[in-house]
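Q: What follows is a predicted protein model with its sequence.
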Amino acid sequence: MTIRTAAAIGVVVIAALQGSAGAAAQRTAGGTIAGVVVSADATPQPIPRAVVMLTGNGIRDNLSVVADEAGRFRFVDVAPGRYNVAVSKPAYLPTSFGAKRPGRPGTSIAITAGQQIEIQIPLSRGGVITGTVRDQFGQPAPGVQVSVSRADFLSGQTGILLFSDSLTTDDLGVYRAYGLMPDEYTVSAAYPRIVFGAGEMYALTRAEIDARIRELERRSTAAPGAAAASRQASSVPTDSTGADNPLGYAPTYYPGTTIAANALRIRVAAGEERNGVDIPLIPVRAARVSGVVNGGGAERRVQVNLMPTAGASQSILSLANLNGPRADGSFTFMNTTPGRYTLSARTLPEFQGGPIQFASMEITVDGADIDGLALGLRQAISVSGRLVFESETQKPPESPETIRVALVQARTPTDPDAMVFVSPNLGPAPAVGVRQNATFTIAAVLPGTYGLTAAKPGWTLRSAVVNGRDILDVPLVVNESSEDITGAVLTYSDKRSELAGTLTTASGQPASEFVVIVYPADRTMWRPGARRIRSMRPASDGAFSTADLPPGEYLIAAITDADANEWQQPSFLEQLVAASVKVTVADGQKVRQDLRIAR
């Protein structure tokens, strides 16, 4: 069989087929799924004591077994249906049966009554990045926080650096990150946050050090009274201009830069160990940032924050200590390293009662002190609306008070082509209960970019229309100039939609080694994490399905491999359009669309 594909992303040319569902398997006797876990080497060797997990076919609690010394495992009395088998072991990369690479989706196993299935699952060792962190004098730096992060996260637009684990250097300044997926990574290091209320650190230039030595020499020969006066005058470190000279440590990226964009990307393959990824900590001139919060009142408790906004370079920590706000509303951040920040303030009604007020501004710190900033508090906005239930088989709930409605921070796009800009949230709005008349009000919504959650068992939240837009598809953006929002409508339905089919080769054989992507025809809904974008790995019999797609027009494509950080990006989906099949899903409709790979 010849498969026509787009070379860059492995798009498979498919044809829509008219077909019907296969006969349901009879539930008479259980089958057996057995196999062996082996290494992913050229000559596979058994891997003992790996954890093997069986999921699918309505299993409430995942079934797991531990492979024996020969890497063997067995699941018996398995009811007919479709199952996934996943394997994990420390220092190895978790994988699923049928996955082309670690981290990729696996192939479901279709088993019939009494069937005996034997499988083999290769397990790869994770990658390793290790090195030494040194201070500005070239000495090993123990107790330093190190982050090994996927390089893709650096293009996120919230300034939040995502990482799964935080490492600490040992007594020799050494760190070791293991079990890494094959990918590109950046490595950064920073001293832990200075304890609240701690004093400032100071740096002296070489000329200043020489001047201090000469001063000490002069004191030793001066009269007692003159020496005392000299000591008093020299009690505070100053630079050549007479100004205080505080020192801070900015997060430093390998090979030695405080700018995230200049970080060197380190590519790690499965089982590869990258040694010598050493990081020199870089001291920088730190600044004081001070100002006053107006409008809170002495009787209100106010929280002031200084959060990085210039990308991931400042995201691990800000070496800033807050003094205040005091009774007059004044505040001071010490030890603030260079970078772009969002300075914000908000009242805390959970302690004092009353509505939430807030203020924020963007500032750039370059090592010089910033004084005289003024934050004028204003009222946070509210979002109110009602719930609507479109029922086909059951009555609308008589007590909607059990439903909790919450605005949640929208997922950050990591692609420059992403169509939604996600701004930093100043703070979450608490979830609220629905009133007996099915209305709700979310008070104190601060600037940010939001989605919405409001789960009700037995019902599907089909839409959440706010200001004419469904924020389940396009996030709600709240900024400093936003006004109160009324008339939001949350629509629930008890109808269950389903899109199912089979993917076969040109000769009619199951094509379980491919991945089926379903995505909306409307390009405005293309964004990472969108509820209308799904991926499915066909089972061993070629069957695929996905439930509860919102009504609308969709495109279906088959690709040879799938990385969630790629196939959810608009630029990637655009390449699929020409090789996709269009299908329409109505509310509550079960749609079948069989696909065949064209020659």
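A: Okay, I see it.

Q: hey, let's count contacts and neighbours off CA atoms from now on
A: Fine.

Q: Quick check: chain neighbours aside, which residue is closest to residue 385?
A: Nearest residue to residue 385, sequence neighbours excluded (Cα to Cα, 6 or more residues apart in numbering): residue 488, at 4.1 Å.

Q: cool, residue 520 as well?
A: Residue 520's closest residue in space is residue 554 (Cα to Cα, 6+ apart), at 4.3 Å.

Q: My understanding was that the residue nearest to residue 385 contacts residue 463; is that so?
A: No: contact criterion Cα atoms under 8 Å: residue 488 and residue 463 do not qualify, at 10.2 Å.

Q: how does this protein divide up, domain by domain?
A: 27-123, 127-195+249-283, 287-379, 381-493, 498-597 (automatic domain parsing).

Q: quick one: average pLDDT of the first one?
A: For domain 27-123, the per-residue pLDDT values average out at 87.

Q: Same check on the third one?
A: If you average the pLDDT over domain 287-379, you get 75.

Q: Secondary structure of residue 524: a strand, I assume?
A: No: secondary structure assignment (DSSP: H, G, I helix; E, B strand; the rest coil) places residue 524 in helix, not in a strand.

Q: how deep is it tucked in, by neighbour count?
A: For residue 524, the tally of surrounding residues (other Cα atoms under 10 Å) stands at 13.

Q: go on, the one 10 residues further on?
A: Per other Cα under 10 Å, the neighbour tally for residue 534 reads 19.

Q: Same question for the one 10 residues further on.
A: When neighbours are defined as other Cα under 10 Å, residue 544 has 23 of them.

Q: Surely the residue nearest to residue 520 and residue 591 touch.
A: No: with contact defined as Cα under 8 Å, residue 554 does not count as touching residue 591 (11.5 Å).

Q: any residues in contact with both of those two?
A: Residues touching both residue 554 and residue 591 (Cα atoms under 8 Å, 6 or more residues apart in numbering) are residue 585.

Q: When those two are compared, which one has more neighbours?
A: Counted by other Cα under 10 Å, residue 554 and residue 591 do not tie: residue 554 has more neighbours, with 20 against 16.

Q: helix or strand for that one, which one?
A: strand 552-559 (DSSP states H and E).

Q: Paired strands for that strand, with orientation please.
A: Sheet partners assigned to strand 552-559 using DSSP bridges are listed as strand 11-12 (antiparallel), strand 515-520 (antiparallel), strand 581-585 (antiparallel).

Q: Of all those, which one comes closest to residue 30?
A: The closest of the strands paired with strand 552-559 to residue 30 is strand 515-520. By Cα to Cα, the value is 28.5 Å.

Q: Skip ahead from the closest one and say which helix or strand is next.
A: Following strand 515-520 toward the C-terminus (DSSP H and E): strand 534-536.

Q: same for that following strand, what does it pack against?
A: With contacts taken as 3 or more Cα pairs under 8 Å, 6 or more residues apart in numbering; DSSP states H and E, strand 534-536 sits against strand 515-520, strand 543-547.

Q: Adding distance to residue 293 and mean pLDDT, write those out as TSV.
A: Shown next, in TSV, are those (distance: least, Cα to Cα, whole Å; pLDDT from 0 to 100):
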stretch	distance to residue 293	mean pLDDT
strand 515-520	46	92
strand 543-547	50	92
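
Q: Out of those, which is closest to residue 455?
A: strand 543-547 (16.4 Å).

Q: Give me the distance between the two termini of stretch 459-477.
A: End-to-end span of stretch 459-477 (Cα to Cα, to the nearest Å): 27 Å.

Q: same check, this time on stretch 449-464
A: By Cα to Cα, one end of stretch 449-464 lies 15 Å from the other end.

Q: pLDDT of it, averaged?
A: The model assigns stretch 449-464 a mean pLDDT of 89.

Q: Quick one: residues in contact with that stretch.
A: 403-410, 422-425, 470-472, 474-478, 488-496, 548, 550.

Q: redo that, cut-off 7 Å
A: 403-410, 422-423, 425, 470-472, 475-478, 489-494, 550 (Cα atoms under 7 Å, 6 or more residues apart in numbering).

Q: cool, and stretch 285-303?
A: With contacts defined as Cα under 7 Å, 6+ apart, stretch 285-303 is touched by 246-248, 327-338, 345-348, 352, 367-377.

Q: Show the buried residues in those.
A: 246-248, 329-338, 345-348, 367-370, 373-377 (16 or more other Cα atoms under 10 Å).

Q: Which of those residues fall in strands?
A: Judged by DSSP state E, strands contain the following of the buried ones among the contacts of stretch 285-303: 246-248, 330-336, 345-347, 370, 373-376.

Q: which SS class is the residue lying closest to residue 530 once chain neighbours are set aside?
A: Computed as Cα to Cα, 6+ apart, the closest residue to residue 530 that is not its neighbour in sequence is residue 473, at 6.4 Å. With three-state DSSP as the basis, the three-state label of residue 473 is coil.

Q: Quick one: neighbours of residue 473, just the number.
A: 20.

Q: again, but for residue 44
A: 12.

Q: which non-adjacent residue is nearest it?
A: Closest to residue 44 by Cα to Cα, 6+ apart is residue 38, at 5.6 Å.

Q: Could you give the bridge partners of that neighbour?
A: Note on residue 38: beta-bridge partners residue 46, residue 122, judged by DSSP bridges.

Q: What residues does it make contact with?
A: Here residue 38 is in contact with 44-47, 71, 121-123 (Cα under 7 Å, 6+ apart).

Q: I'd guessed residue 389 sits against residue 397; true?
A: No: using Cα atoms under 7 Å, residue 389 is not in contact with residue 397; the gap is 8.4 Å.

Q: Which of these two has more residues huddled nearby?
A: Set residue 389 next to residue 397 and count neighbours by other Cα under 10 Å: residue 389 wins out with 19 against 13.

Q: measure that one to residue 395 for me?
A: Distance from residue 389 to residue 395, by Cα to Cα: 9 Å.

Q: Same check on residue 64?
A: In terms of Cα to Cα, residue 64 sits 40 Å off from residue 395.

Q: Check residue 72 too.
A: Distance from residue 72 to residue 395, by Cα to Cα: 51 Å.
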